[in-house]
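Colleague: here is my input, please return the structure:
(one chain, ligands or ions: 1)
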Amino acid sequence: MNYTPSPNRYESMKYNRCGNSGLLLPAISLGLWHNFGSVDVFENGRAIVRRAFDRGITHFDLANNYGPAPGSAEENFGSILKKDFPGWLRDELIISSKAGYLMWPGPYGEWGSRKYLLSSLNQSLQRMGLEYVDIFYSHRPDPNTPLEETMMALDTAVKQGKALYAGISNYNAEEAQRAIEILTSLGTPCLIHQPKYSMFERWVEDGLLEVLEKYGVGCIPFSPLAQGMLTDKYLKGIPENSRAAKSHGFLKVDEITQDKLTTIQKLNQVATDRNQSLAQMALSWLLKDKRITSVLIGASSVQQLDNNIDSLLNTDYTSDELNNIEIILKV
Ligand SMILES: NC(=O)c1ccc[n+]([C@@H]2O[C@H](COP(=O)([O-])OP(=O)(O)OC[C@H]3O[C@@H](n4cnc5c(N)ncnc54)[C@H](OP(=O)(O)O)[C@@H]3O)[C@@H](O)[C@H]2O)c1
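Modeller: From the prediction side, this is the model:
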C-alpha cells in the first residue's frame with residue numbers, strides 16, 4: 001500500500017495565519033489523542049492521517065502521553081511518517097507535542113519543571129523519529145513551578161532547534177498573559193494557545209480570547225465536538241465502539257445526560273436546516289470567529305474526517321441562526 005500524496009492537496013483547504021506569526025495553519029487540524037494508541041487499529045489511524053494530508057491538513061497534534069499506552073500515539077505516528085512521509089515531506093508538516101501531564105513515575109515525570117519538559121521533548125522526538133517538532137507546548141500550568149522556569153524551558157527547546165515554536169495549553173487568561181509576556185522577554189514569542197472550546201464549553205470567551213488577540217497569539221481549540229457529543233451519534237443511544245462506550249475513552253456515559261441530549265437534538269435541527277451535519281455546524285460555529293486559527297478535531301474513521309473537513313463549505317451564519325443557537329445553549 002504505497003502512498004502518494006494527492007497532487008491537489010492544497011486546492012481546497014483554508015489556511016489561517018497563526019496570530020501575528022509567519023505561520024499558516026489549516027482551518028482544521030488533526031489530533032491524535034484517541035484512535036492512534038497501541039489499543040487501536042494501526043491501519044485505521046494510518047488511513048486517517050493519509051486522508052487528512054490529501055485534503056490539506058498539514059497540522060498533526062500529539063503529546064507525550066497520548067495512547068493508551070502513553071507514548072504509543074507518538075510511536076505509531078512515527079511509524080506512519082516512516083512508511084508514508086519520506087523526508088522531503090517533513091517540510092510540509094506541522095507536528096506538535098506537549099509535556100505537562102503524568103508521563104513517567106517519580107518527581108520528574110509531570111507538571112512544569114525544566115527537567116521534565118526538556119527530558120520529555122527528547123523522548124517525544126525519539127518516539128516519532130524526528131529531529132524537531134514544529135510546536136512544543138507546556139500542556140498545563142504548574143502552580144508549584146515558577147512560570148519563568150516553565151517558559152525558559154520552552155525558550156531553550158526553541159533555541160536548541162528541537163522545536164520551531166513555543167505554545168501553551170490550558171492556561172487561563174491571567175496565566176496566559178504572564179506566560180506570553182515572559183516568552184516575549186526571552187525572545188521566543190508565544191505562537192499559540194490550545195484551550196478546550198466548543199459550543200458546550202465556552203470559558204475562553206471570558207477574557208482569554210481578548211488576551212490572545214491583544215498579544216497576537218493564535219488559538220487552536222481542542223475537543224471542538226465535545227469529544228463527539230456535538231454530533232448526532234449519541235441521539236439514539238451509545239453506539240458500540242464510540243468513545244463513550246470504550247473503557248479507555250475520556251468521554252464518560254454519565255456526561256451524556258438527558259438535558260444534553262435535548263440540547264443536542266435541537267442543535268441538530270438547526271444544522272439540518274443549514275444543510276450541515278451537527279459536527280459540521282459545531283466546527284464552523286467556532287471558525288466564524290477570526291481569532292480562531294484552527295479547530296483541532298479527533299476522528300475515529302476516514303468518513304468522520306471527511307465529514308468534518310466539509311464543514312468549511314458553509315461557515316456563514318445569519319443573525320437568526322446565531323440567536324437561535326444561543327437560545328438553545330442557554331437553556
Ligand atoms: N491540550 C489538551 O489538554 C488537550 C486535551 C484533549 C484533546 N486535545 C487535542 O485535541 C484533539 C481533539 O480532541 P477530541 O478528540 O476530544 O476532539 P473532538 O473533535 O471533540 O472529538 C473527536 C471524537 O468525536 C467523534 N467524531 C468526530 N467526528 C465525528 C463525526 N463527523 N460524526 C460523528 N462522530 C464524530 C469521534 O469519536 P468516536 O470514537 O466516538 O467515533 C472522535 O474521535 C486531540 O486529539 C488532541 O490533539 C488536547
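
Colleague: and the closest residue in space to residue 149 that isn't next to it in sequence, how many neighbours?
Modeller: Spatially, and ignoring its direct neighbours in sequence, residue 149 is nearest to residue 114 (5.4 Å; CB to CB, 6 or more residues apart in numbering). C-betas here are computed from N, CA, C, even on glycine. Here the count is done by other CB atoms under 10 Å, and residue 114 has 15 residues near it.

Colleague: spell out the residue ranges of the helices in the stretch 201-331 of the chain.
Modeller: 208-215, 258-273, 278-287, 302-309, 319-330 (DSSP state H, counting those that start in this stretch).

Colleague: returning to what we had before: contacts only, for the residue nearest to residue 149.
Modeller: Residues touching residue 114, when contacts are defined by CB atoms under 8 Å, 6 or more residues apart in numbering, comprise 149-150, 152-153, 156.

Colleague: filter these down to the buried ones, ChimeraX style.
Modeller: A single ChimeraX command is used to select the members of these judged buried by 16 or more other CB atoms under 10 Å:
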select :150,152,153,156
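
Colleague: out of the contacts of residue 114, which comes closest to the ligand?
Modeller: Nearest to the ligand among the contacts of residue 114, counting by CB to the nearest ligand atom, is residue 150 at 15.0 Å.

Colleague: next, find the distance separating the closest one from residue 19.
Modeller: As for residue 150, its distance to residue 19 is 20 Å (criterion: CB to CB, to the nearest Å).

Colleague: just residue 44 next, same as before
Modeller: Counting by CB to CB, the gap between residue 44 and residue 19 amounts to 34 Å.

Colleague: give the residue from those two that has the larger number of neighbours.
Modeller: For residue 44 and residue 19, the more surrounded residue by other CB under 10 Å is residue 19, and the numbers stand at 21 against 14.

Colleague: excluding chain neighbours, what is closest to that one?
Modeller: Taking CB to CB, 6+ apart, and ignoring the residues beside it in sequence, residue 19 has residue 218 as its nearest neighbour in space, at 4.0 Å.

Colleague: check residue 282 too.
Modeller: residue 230 (3.9 Å).

Colleague: so what's that neighbour up against?
Modeller: 198-200, 224, 264, 267, 278-279, 282 are the contacts of residue 230 under CB under 8 Å, 6+ apart.

Colleague: quick check: the farthest pair among the residues you listed?
Modeller: Set against one another by CB to CB, the contacts of residue 230 have their most distant pair in 224 and 264, with a gap of 14.6 Å.

Colleague: sorry, back to before: to residue 133, which of the helices of the stretch 201-331 of the chain lies closest?
Modeller: In terms of CB to CB, the element of those nearest to residue 133 is helix 208-215, at 21.2 Å.

Colleague: that closest one packs against which elements?
Modeller: Using 3 or more CB pairs under 8 Å, 6 or more residues apart in numbering; DSSP states H and E as the contact definition, the elements that helix 208-215 packs against are helix 173-186, strand 190-194, strand 218-219.

Colleague: which of those sits most buried?
Modeller: Ranked by mean neighbour count, the helices and strands packed on helix 208-215 are led by strand 190-194 with a mean of 27 (mean count of other CB atoms under 10 Å).

Colleague: now check that strand, is it near the ligand?
Modeller: Yes. Where contact is defined by CB under 6 Å from any ligand atom, part of strand 190-194 touches the ligand, namely residue 194.

Colleague: thinking again about what came up before, turn the contacts of residue 114 into JSON lines, including secondary structure.
Modeller: As requested, the contacts of residue 114 are exported to JSON lines (DSSP: H, G, I helix; E, B strand; the rest coil):
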{"residue": "149", "secondary structure": "helix"}
{"residue": "150", "secondary structure": "helix"}
{"residue": "152", "secondary structure": "helix"}
{"residue": "153", "secondary structure": "helix"}
{"residue": "156", "secondary structure": "helix"}
